[in-house]
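Colleague: 3D, please:
(one chain, ligands or ions: 1)
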Amino acid sequence: MVHAFRHRGAAEALAAALPAGGVAVTADLRAPDAGVRLYGALGPLGAEVDGLVHAAASFHRGGLCELAAGEWDEIHALNLRAFALLAERMLAARGSRGGDLVAIGDAAGLELWPSYLAHSVAKAGLLALVRTLAKGMAPAFRVNAVVPGPVLPPDGTTAEQAATYARRTLLQRIGRPEDVAEAVAYLLGARFVTGAVLPVTGGSELWRGQPRI
Ligand SMILES: NC(=O)c1ccc[n+]([C@@H]2O[C@H](COP(=O)([O-])OP(=O)(O)OC[C@H]3O[C@@H](n4cnc5c(N)ncnc54)[C@H](OP(=O)(O)O)[C@@H]3O)[C@@H](O)[C@H]2O)c1
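Modeller: Presented below is the predicted three-dimensional model:
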């Protein structure tokens with residue numbers, strides 16, 4: 001099952017390309033009943049979800065004096081609460097048969113960026129949620145997180161800015177979507193790993209103060 005919000009056509013193309021076959025569904029994951037509706041779409045297909053990857057998120061700029069209350073709610077509903085509501089649906093559907101969940105965090109949730117305040121706090125909360133669910137849903141379910149650093153810079157990023165992001169990693173490049181996908185695939189298959197938070201950042205969190213030896 002490939003979920004989309006605005007880009008249904010892309011989700012349909014991906015679902016059609018999957019060797020085992022797939023189905024595209026659309027839902028606004030800010031809605032409290034989105035998980036119920038997504039799982040409802042599985043019923044007629046006779047399909048079940050035994051692995052769930054939560055990548056949907058917004059990337060909303062705004063500091064303390066720039067965020068309206070409604071923006072806090074929307075950002076947290078999508079970037080944080082949606083994962084809990086999907087996990088609850090998966091638990092209800094799979095019970096003791098269990099499954100694997102992977103949340104996509106953001107280096108902003110580790111580094112805590114004041115100018116992306118609600119985003120950073122939601123992504124920090126997502127990592128706490130992952131570790132809490134790993135405890136609460138064990139042993140049937142494994143719950144892990146991948147934390148990308150600079151991968152696909154936002155629209156409007158200049159070549160100079162992208163080069164700066166690359167320089168501020170130990171590996172001296174920005175990431176590729178494949179780097180994130182590899183880490184997700186690893187966690188989905190890592191049978192003795194749960195509650196893990198795996199940075200896919202090129203070492204950006206260790207970059208500062210890197211001695212030149
Ligand atoms: N790009 C990076 O360098 C980077 C760095 C760190 C972390 N991340 C994390 O990696 C993940 C993917 O990032 P990305 O760069 O691919 O982001 P993106 O291009 O903005 O994609 C975000 C995804 O979220 C979906 N979405 C947006 N609003 C939604 C809503 N209200 N309900 C349901 N789905 C919604 C979008 O679906 P539609 O396209 O169908 O609307 C899209 O698939 C995110 O969790 C992000 O925080 C990315």
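Colleague: Next up, the contacts around the nearest residue to G109 once chain neighbours are set aside.
Modeller: In space, and not counting its chain neighbours, G109 is closest to K123: 2.9 Å by C-beta to C-beta, 6 or more residues apart in numbering. Just so you know, the C-beta spots here come from the backbone N, C-alpha and C atoms, and that holds for glycine as well. The contact partners of K123, by C-beta atoms under 8 Å, 6 or more residues apart in numbering, come to 57, 79-80, 105-106, 108-109.
Colleague: so what pLDDT did K123 get?
Modeller: Looking at K123, its pLDDT stands at 98.
Colleague: what's the spacing between it and H54?
Modeller: 12 Å (C-beta to C-beta, to the nearest Å).
Colleague: hey, what's H3 bridged with?
Modeller: V25 (DSSP bridges).
Colleague: same deal with V146?
Modeller: Using DSSP bridges, the beta-bridge partners of V146 come out as I104, L198.
Colleague: tell me which parts of the chain are close to the ligand?
Modeller: 4-7, 28-30, 55-59, 78, 104, 106-107, 148, 150-152 (C-beta under 6 Å from any ligand atom).
Colleague: what's near enough to touch the residue nearest to L170 when sequence neighbours are not counted?
Modeller: Nearest-residue entry for L170: G203, 3.1 Å, with adjacent residues in sequence omitted and distances by C-beta to C-beta, 6+ apart. Applying C-beta under 8 Å, 6+ apart, we find G203 in contact with 169-171.
Colleague: Now for the residues you listed, which sits with the most neighbours around it?
Modeller: The residue in the contacts of G203 with the most neighbours, by other C-beta atoms under 10 Å, is T169 (20 neighbours).
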